[in-house]
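Participant: task: produce atomic coordinates for the following.
(4 chains)
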There are 2 protein chains.
Amino acid sequence: MSNPVDSPGPPEDLTGADGVDAALESVEQQLSLFWRRARSVSQQLSRQVHPDMEPAAYGLLTIIRREGPMRLTDLASCVGVGKPSVSRQIAFLESIGLIFKEADPVDGRAQSIRLTPRGEEKMHQVQDARNQVFRERLGEWPVSELETLARYIAKLNSTYERDGFPKDESKRDQAQ
Amino acid sequence: MSNPVDSPGPPEDLTGADGVDAALESVEQQLSLFWRRARSVSQQLSRQVHPDMEPAAYGLLTIIRREGPMRLTDLASCVGVGKPSVSRQIAFLESIGLIFKEADPVDGRAQSIRLTPRGEEKMHQVQDARNQVFRERLGEWPVSELETLARYIAKLNSTYERDGFPKDESKRDQAQ
DNA sequence: CAACTGGGTTGCTCATGGCAACAATTCTAG
DNA sequence: CTAGAATTGTTGCCATGAGCAACCCAGTTG
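Facilitator: Residues are numbered from 1 along each chain as shown, chains lettered A, B, ... in the order given. Got it, this is the predicted structure:
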């Protein structure tokens, strides 16, 4: 923002803040639109791949699977929502046998949430199906673009991280 | 339950599709995370810029502003949600005096939705404030990345378009 | 022991959106 | 010209997901 960089590649030679402003506006609008559409798409997708699997639940499961057993609070803070929501989701997932809660031997209050074998299995199926759908939608994209997109969104996500979520306690700061 | 959706041995020809697969998975995960986080961020943002302005309403207003007066159905299809949702949002926006509905002289059923002067004014304020917030968050990004991000998300959005939304036109009530 | 802290759950409410059913209007046959 | 189809927008009912507050239970500390 401070420095009008001589971009070697792209020819967008807009001077500093102007270009940033325009670009920010584009990002904002596209993001806003995407956010709104994403709901129906995500529900649709979830219903395709597995009717039992709620869209929100899938996100939790991927994290648990990727990060290994973790406590509910960590999970909540990782996904960026409050504990109550996660608690309910987890309760549901436990009720259908995809995860189980294991008491932490060290800390009696805490609990390790982990996938059951059936959960692992289902995740395989669902991820397969999801991958297929995504490939139908984005398969024609050049790999480099996909990678870039993933990287940028990850960057976006990490940007949100440093600002704090309604984490229910400790950091319930309300940006004012 | 038994498993009605098992796809037994689909041709897993990963002929060079490995990279695509991995990239798709990244995109999927980041998108999933983003979608989940975006809600709280968006609400937070909306509350900052203007407490009266619901997150969803803002999206509608930007579109109306950009595209000019339009009918409710077009608006709904443009934003990718059903008519009922938009109808309610619009009713709310009208109740707080940001838009008004003008009867179409040609088609008695239709109505042109347009911004009131007050709506224009408020949009200015809100957009200013939003821009500021976005700049705080993304201002350090190189312009080229912002532009690329915007372009990719736009591409993503257009990808969804061709697939159709729950547009509510497809299935109609079957007569008296 | 009591008091405090931190992990998780539950009750209530809100925001958003879908589907179905509806009223009002226009269009299209016969 | 009139009956039925189609379209525009509205409303009722319900589902999902999330937040806040209040609560319970286990550990920690004095």
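
Participant: pLDDT score assigned to A:Pro55?
Facilitator: Looking at A:Pro55, its pLDDT reads 86.

Participant: surely it touches A:Ser40?
Facilitator: No - A:Pro55 is beyond contact range of A:Ser40, at 10.5 Å (criterion: Cβ atoms under 8 Å). C-beta coordinates here come from the backbone N, C-alpha and C atoms, glycine included.

Participant: if you count what's nearby, which of these two comes out ahead?
Facilitator: Neighbours per residue, other Cβ atoms under 10 Å in any protein chain shown: of A:Pro55 and A:Ser40, the larger number sits with A:Pro55, 19 against 16.

Participant: the more buried one - nearest residue in space that isn't next to it in sequence?
Facilitator: A:Ser46 (4.2 Å; Cβ to Cβ, 6 or more residues apart in numbering or on different chains).

Participant: ok, A:Glu67 next?
Facilitator: A:Cys78 (7.3 Å).

Participant: contacting residues for that neighbour?
Facilitator: A:63, A:67, A:70 (Cβ atoms under 8 Å, 6 or more residues apart in numbering or on different chains).

Participant: what's the burial count for the residue of chain A found nearest DNA strand D?
Facilitator: Per Cβ to the nearest atom of the strand, A:Gly108 is where chain A lies closest to DNA strand D, at 1.8 Å. Residues near A:Gly108, counting by other Cβ under 10 Å, number 8.

Participant: repeat that for A:Ala91.
Facilitator: 11.

Participant: which helix or strand contains it?
Facilitator: helix A:83-95 (DSSP states H and E).

Participant: regarding chain A, what is its longest helix?
Facilitator: Ranked by residue count, the top helix of chain A under DSSP state H comes out as helix A:17-49.

Participant: the helices in chain A, which residues?
Facilitator: Counting by DSSP H, the helices of chain A are A:17-49, A:55-67, A:72-79, A:83-95, A:117-138, A:143-161.

Participant: got TSV for those helices, with distance to DNA strand C too?
Facilitator: As requested, the helices of chain A are arranged in TSV below (distance: least, Cβ to the nearest atom of the strand, whole Å):
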stretch	distance to DNA strand C
helix A:17-49	4
helix A:55-67	12
helix A:72-79	3
helix A:83-95	3
helix A:117-138	16
helix A:143-161	18
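
Participant: of all these, which one is nearest B:Phe34?
Facilitator: With Cβ to Cβ as the criterion, B:Phe34 lies closest to helix A:143-161 of the helices of chain A, at 5.4 Å.

Participant: tell me what that closest one is packed against?
Facilitator: helix B:17-49, helix B:117-138, helix B:143-161 (3 or more Cβ pairs under 8 Å, 6 or more residues apart in numbering or on different chains; DSSP states H and E).

Participant: can I get the second one in CSV? Just the C-alpha atoms.
Facilitator: So that's helix B:117-138. C-alpha atoms of helix B:117-138 as CSV (Å, rounded to 0.1, in the frame of the first residue of the first chain):
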residue,chain,number,x,y,z
PRO,B,117,-31.9,9.0,-2.0
ARG,B,118,-31.4,8.0,1.5
GLY,B,119,-30.5,4.5,0.4
GLU,B,120,-27.8,6.0,-1.9
GLU,B,121,-26.5,8.0,0.9
LYS,B,122,-26.3,5.2,3.3
MET,B,123,-24.7,3.0,0.7
HIS,B,124,-22.0,5.6,0.4
GLN,B,125,-21.3,5.5,4.1
VAL,B,126,-21.4,1.8,4.4
GLN,B,127,-19.2,1.2,1.4
ASP,B,128,-16.7,3.7,2.7
ALA,B,129,-16.6,2.0,6.1
ARG,B,130,-16.4,-1.4,4.5
ASN,B,131,-13.6,-0.3,2.3
GLN,B,132,-11.7,0.8,5.2
VAL,B,133,-12.1,-2.5,7.0
PHE,B,134,-11.1,-4.4,4.0
ARG,B,135,-8.1,-2.3,3.6
GLU,B,136,-7.1,-2.9,7.1
ARG,B,137,-7.4,-6.6,6.5
LEU,B,138,-6.1,-6.9,2.9
